[in-house]
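Enquirer: pasting the sequence and the predicted coordinates here, then a few questions.
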Amino acid sequence: MTLSSIQKRFLFPIAIVGMFGMLFLAYCEFTNKMHGIEVDATSHAQSLSRLFSVSDALMEDEAKASMRLLKDTFGKQLGTADIQGKTVINGKTVPNLVLGTQAMTGNYEMVDKVTAVMGGTATLFVKDGNDFVRISTNVQIDNMGTRAVGTLLDPNGRAIPYLRSGKAFQGVVDILGSPYFTDYQPMFDAHGKVIGAWYVGYKVDIGVLREAVEQTHILQSGFAVVLDTNGKIRFVSENVLPDNIMPDKVMKVLQSTDGRWTLVRQDIPHWGFKVIVAYRRSEAVANSLAGIATSSALFAGLGLLLVTMMLLMLRHFVLKPLGDDPAKVVNLVQSISSGMLAEDRQSAKDGTIMAYILKMRGDLRNMLDQLSAQKKFLSTILESEPACVKVVAKDGKLLQMNRAGLLMLEAGGIEEVQQNGLLHYLLPEFRDAYAAMHQNICTGDTGRMEYQIRGSNGTMRWLDTQATPLVR
């Protein structure tokens, strides 16, 4: 029994299985960590999106209440909207919008009453061709309090397609460079024609939103960015600094398709904005690999301990009781079962299975030698017996006959008798009685019979036969 033999047949397969097991576990953990990073990025994006949505919810009810006050209360008090000729505001000629009999161009009383009660901003627009012009507003264009009258509603903005088709719009829009949560309602004349628009809005306090985005980052170089409706950067993580990732490079990252960056995108309802969380794939891979190094070492240690324990158990409960290499034990048992009992100088420690098997082989060899000697002895006695001695099978076939019997039958050998059959040598009148006696012997009785035979050379003889059954 050699250690190298055990290593080849036992340790090597276990090592292969263990190695593949560790690789599989490492792959699973690596995949889970990579998935965890992606889930973390998705969670950041969803959290920011929800934060923006919460801001919407807080201002939506206020905007609806302000619109009811502007349109359904103050507006209806003045009367039906109509266009009566032209007027000029800030040097721009526009249709003259009136509510009842009161011209609204440059009239700020109603919009200021609304904001005095509800806060926020309010505006009346007149439709001039496809444009909507501010004719009464408290939206300011500078820090001096200058009202934005005479300015146009952004022709490329989100609200104007709705107003042109006579539909209302609610959502966040950019007004003169600042985000507002707005409510736009089309203004109809008595004939149902769109002649202007009602507007109320609340400037979004972006301080909290900006801080939330700036505080968001993932891994070392990952970042979060918010793009407005025009695809421009509105907010970005604070780790995107001039000495780290230039803001202009952020757009290149967002537009990259080489797979070096993983991008998680989340739309912001009502805003038309997008939240994007980005992280380097190579950094995620490095982070995941670093995370599985410790666990891999632990698995390897446990595997080594397990193999060591299995080896000790193998030695104590298998190899030591066997007393030799298992392969040698198997080969020895197979050789014994094949009848190979010759001495081959194998030895084993007393008290082991191998020693017992070797002893059993020796005992079997001695037993066979004794049986062979006894057979030879009995054969000598049988051949020297002057009387005919024969062994007949149950079916009447001759199995054995001594030399004296062959001489009586004048046969050249036992093969000749077996070919002819015993009844061939009996005279016909004795054959049935002989066959009946044989059947009785086969059932366990003894028998005796006198009958006459004719040898192969024609010699006639009388035989006195005694028969007894052979029981195994």
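Expert: Thanks, I have the structure now.

Enquirer: for the stretch 151-300 of the chain, which segments count as helices?
Expert: 160-164, 206-214, 247-255, 281-314 (DSSP state H, counting those that start in this stretch).

Enquirer: outline the domain layout of this protein.
Expert: 79-204, 326-381, 385-467 (automatic domain parsing).

Enquirer: lowest average confidence across those domains, which one?
Expert: Set side by side, the domains of the chain show their lowest mean pLDDT on domain 326-381, which sits at a mean of 82.

Enquirer: between its first and last residues, how far does it reach?
Expert: Domain 326-381 has an end-to-end distance of 47 Å (CA to CA, to the nearest Å).

Enquirer: that domain: how far from the chain's middle?
Expert: Relative to its parent chain, domain 326-381 has a centroid offset of 56 Å by CA atoms, centre = their mean, to the nearest Å.

Enquirer: please identify which of the domains of the chain is closest to His270.
Expert: domain 79-204 (4.2 Å; CB to CB). Yep, even glycine has a C-beta here, placed from its N, CA and C like the rest.

Enquirer: need the winner for burial among the domains of the chain.
Expert: Highest mean neighbour count of the domains of the chain: domain 79-204, a mean of 18 (counted as mean count of other CB atoms under 10 Å).

Enquirer: next SSE downstream of whichever strand or helix holds Asn440?
Expert: In this assignment (DSSP states H and E), Asn440 forms part of helix 428-442. Note on helix 428-442: by DSSP H and E, the next helix or strand toward the C-terminus is strand 447-454.

Enquirer: which residues does that next one contact?
Expert: 408-409, 425-427, 430, 433-434, 437, 440-441, 460-467 (CB atoms under 8 Å, 6 or more residues apart in numbering).

Enquirer: now stretch 395-408
Expert: 382-383, 385-393, 412-414, 417-418, 421-423, 435, 438, 453, 455, 461, 463.

Enquirer: ok, back up a step: export the domains of the chain to TSV and tack on distance to Ser282?
Expert: As requested, these are exported to TSV (distance: least, CB to CB, whole Å):
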stretch	distance to Ser282
domain 79-204	35
domain 326-381	51
domain 385-467	88
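
Enquirer: quick one: which of the ones you listed is nearest Leu58?
Expert: That would be domain 79-204 among the domains of the chain, by CB to CB, at 8.7 Å.

Enquirer: now the terminal residues of that closest one, how far apart.
Expert: End-to-end distance for domain 79-204, by CA to CA: 32 Å.

Enquirer: how about stretch 151-165?
Expert: 21 Å.

Enquirer: Met309 versus Pro13, what's the distance?
Expert: 17 Å (CB to CB, to the nearest Å).

Enquirer: repeat for Ser347
Expert: As judged by CB to CB, Ser347 and Met309 stand 31 Å apart.

Enquirer: swap in Gly362?
Expert: Taking CB to CB, one finds Gly362 at 37 Å from Met309.

Enquirer: now Thr182
Expert: Thr182 is 73 Å from Met309, by CB to CB.

Enquirer: same check on Arg234?
Expert: Here the criterion is CB to CB. By it, Arg234 lies 62 Å from Met309.

Enquirer: between these two, which is the more surrounded one?
Expert: Arg234 (19 against 10; other CB atoms under 10 Å).
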